[in-house]
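Undergrad: next one to model:
(one chain, ligands or ions: 1)
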Amino acid sequence: MQLPFVKMHGCGNDYIYFDCLKHTVPKPASLAKQLSDRHFGIGGDGIVLICPSSVAAARMRMYNADGSEGKMCGNAIRCVGKYLYDSGYCKKRQITVETASGIKTLQMQIAGSRAVGATVDMGPPVWRPEQIPVDLPGARVVGTPVKVGGRRYEITCLSMGNPHCVVFLPAVEQLDLVSLGRDFERSGLFPQGVNTEFVQVLGPDQLRMRVHERGSGETLACGTGACAAVCAAVAAGLCARNTEVQVQLRGGALTVRYAPETVYMTGPAEVAFTGTAEV
Ligand SMILES: N[C@H](CCC[C@H](N)C(=O)O)C(=O)O
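TA: Prediction:
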């Protein structure tokens, strides 16, 4: 079966998008594994289905490269908004998208007849959520001491609709994220897996971050991860609340504001190419 797709990315966090408002995608989990392969498939961090919704402009379902389904994806939701706007499904500046972690509201950034990015109301963080049972001696909301891969770290765990573990380090560029990310995944601390962010504080409104994502490994950017990093930095007193924090990632920069009642994430959404997949 031939299925049209659009390859889009947010700061290099790239997914293969299918318009399920028109088409049906069979076995999305196995398709995600097949098409995400950067040698034998199209290549990507996973796939995203843009589906009908009775409560929003559309429903986003995203699958990581290993076929596991994620509950929220910050970079992908901006691209879903772009697709809905550019294709004429929803030619409005404010677009709602239903996700497995609730309905999110996007304010689209428009250039000419196309959307180029969005500010997303991501909702407030959930501290020490049930899917991250890090109940250790001395466990605290910020900076719980743990031993992973034989080394000591202080971790801050929270959910942005998906589970995150934030680790502040003096430098992140030289880290071996493949083995470090795998150590955290295999630590036994996170039975449902976790997205781990390694964060270097550059200033009160600037962070540098690398991320090892649950189900995809190191990605060039992670929208929910950037939000988790800023919330953890505010909780640790490293950034100020309600300040626009620039989060530098390998694939570009995101702006995150941890406001009194919610978290706003602003960033780009870009089309790389379109095509047809044989599924
Ligand atoms: N790997 C994540 C989903 C993708 C999140 C990330 N790409 C983002 O932009 O938020 C999970 O399984 O929870």
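
Undergrad: next SSE after the helix or strand that contains V201?
TA: In the assignment (DSSP states H and E), V201 maps to strand 195-203. Using DSSP H and E, the helix or strand that follows strand 195-203 towards the C-terminus is strand 206-213.

Undergrad: how far does that next one sit from its chain's centre?
TA: Strand 206-213 sits 11 Å away from the centroid of its parent chain (CA atoms, centre = their mean, to the nearest Å).

Undergrad: that one: which residues count as buried?
TA: Buried residues in strand 206-213, counted by 16 or more other CB atoms under 10 Å: 207-213. To be clear about C-beta, it is placed using only N, CA and C from the backbone, and glycine gets the same treatment.

Undergrad: what's the mean pLDDT across it?
TA: Across strand 206-213, the average pLDDT comes to 98.

Undergrad: residues making contact with the following helix or strand past it?
TA: Per DSSP H and E, the first helix or strand lying C-terminal to strand 206-213 is strand 217-219. Residues external to strand 217-219 that are found in contact with it (CB atoms under 8 Å, 6 or more residues apart in numbering): 12-13, 45, 65, 177-178, 181, 210-213, 251.

Undergrad: same deal with stretch 21-28?
TA: Applying CB under 8 Å, 6+ apart, the external contacts of stretch 21-28 come out as 1, 3-4, 18, 31, 47, 49-52, 58, 61, 63, 69, 89, 279.

Undergrad: closest one of those to A232?
TA: Checking those against A232 by CB to CB gives E69 as the nearest, at 24.9 Å.

Undergrad: model confidence for that closest one, exactly?
TA: For E69, the model assigns a pLDDT of 98.

Undergrad: what number of residues lie near it?
TA: Residues lying near E69 (other CB atoms under 10 Å) number 15.

Undergrad: with just CA atoms, put the host helix or strand of G117 into CSV.
TA: Per DSSP H and E, G117 falls inside strand 114-121. What follows is strand 114-121, C-alpha atoms only, in CSV (Å, rounded to 0.1, in the frame of the first residue of the first chain):
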residue,chain,number,x,y,z
ARG,A,114,2.6,29.3,6.0
ALA,A,115,3.1,28.5,9.7
VAL,A,116,6.8,28.6,10.7
GLY,A,117,6.6,27.8,14.4
ALA,A,118,4.4,28.0,17.4
THR,A,119,4.1,28.8,21.1
VAL,A,120,2.6,25.8,22.9
ASP,A,121,0.8,25.9,26.3
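
Undergrad: so what does the next helix or strand after it touch, helix or strand wise?
TA: Counting by DSSP H and E, the element after strand 114-121 in chain order, helix or strand, is strand 126-127. For strand 126-127, the elements it packs on are strand 151-159, judged by 3 or more CB pairs under 8 Å, 6 or more residues apart in numbering; DSSP states H and E.

Undergrad: who does the strand it packs on pair up with?
TA: Taking DSSP bridges as the criterion, strand 151-159 pairs within the sheet with strand 126-127 (antiparallel), strand 144-148 (antiparallel), strand 163-168 (antiparallel).
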